[in-house]
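*Asks:* With the input below, show me the fold.
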Amino acid sequence: MFGIPGKQAVTMTPQAVAQIRKLMERDGRHGLRIGVKKGGCAGMEYTMDYVDEPEPADEVVEQDGARVLIAPMAQMFLFGTEIDYETSLLESAFKFRNPNVADACGCGESIKFKDVEELQTERETQG
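*Replies:* Alright, predicted model coming up:
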């Protein structure tokens with residue numbers, strides 16, 4: 001695990017908490033799993049999927065009744081991320097404020113992370 005003892009891997013704004021709780025209650029789900037996958041013009045994309053049961057290696061973050069599970073392969077890339085939910089005239093979407101992102105494409109949906117060695121060094125110096 002790449003986290004810092006006693007510190008949640010991700011945090012959620014009140015808007016994100018409300019939306020995640022709404023989705024959990026509406027669909028009777030355990031929570032939302034967040035991950036990353038290869039894709040997009042910058043190399044990686046976030047994923048979000050409904051979860052009925054947590055996987056043994058998932059990191060579970062609960063905040064005010066909202067539950068987010070972080071897939072094992074994504075844990076070090078998402079540590080320190082704030083999840084928000086923004087509503088505008090044109091769209092409503094989850095937004096990720098992630099300090100581990102080195103670059104993003106113009107649309108904001110594709111990201112490039114810092115090198116794995118750099119992320120590990122940052123975690124060790126913070127702990």
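*Asks:* contacts for the longest helix seen in the chain?
*Replies:* In the chain, taking DSSP state H as the definition, the longest helix is helix 14-27. With contacts defined as Cβ atoms under 8 Å, 6 or more residues apart in numbering, helix 14-27 is touched by 12, 29-32, 50, 63-68, 83-87, 94. Placement of C-beta: from N, CA and C, glycine included.
*Asks:* and these, which are buried?
*Replies:* When neighbours are counted using 16 or more other Cβ atoms under 10 Å, these contain these buried positions: Met12, Arg29, Gly31, Leu32, Gln63, Ala66, Arg67, Val68, Ile83, Asp84, Tyr85, Phe94.
*Asks:* So what's the gap between the longest helix of the chain and the chain middle?
*Replies:* 15 Å (Cα atoms, centre = their mean, to the nearest Å).
*Asks:* can you check stretch 66-81 too?
*Replies:* So, by Cα atoms, centre = their mean, the centroid of stretch 66-81 is 5 Å from its chain's centroid.
*Asks:* Can you report the mean pLDDT over the residues of that stretch?
*Replies:* The average pLDDT within stretch 66-81 is 91.
*Asks:* now swap in stretch 22-36 and tell me
*Replies:* 92.
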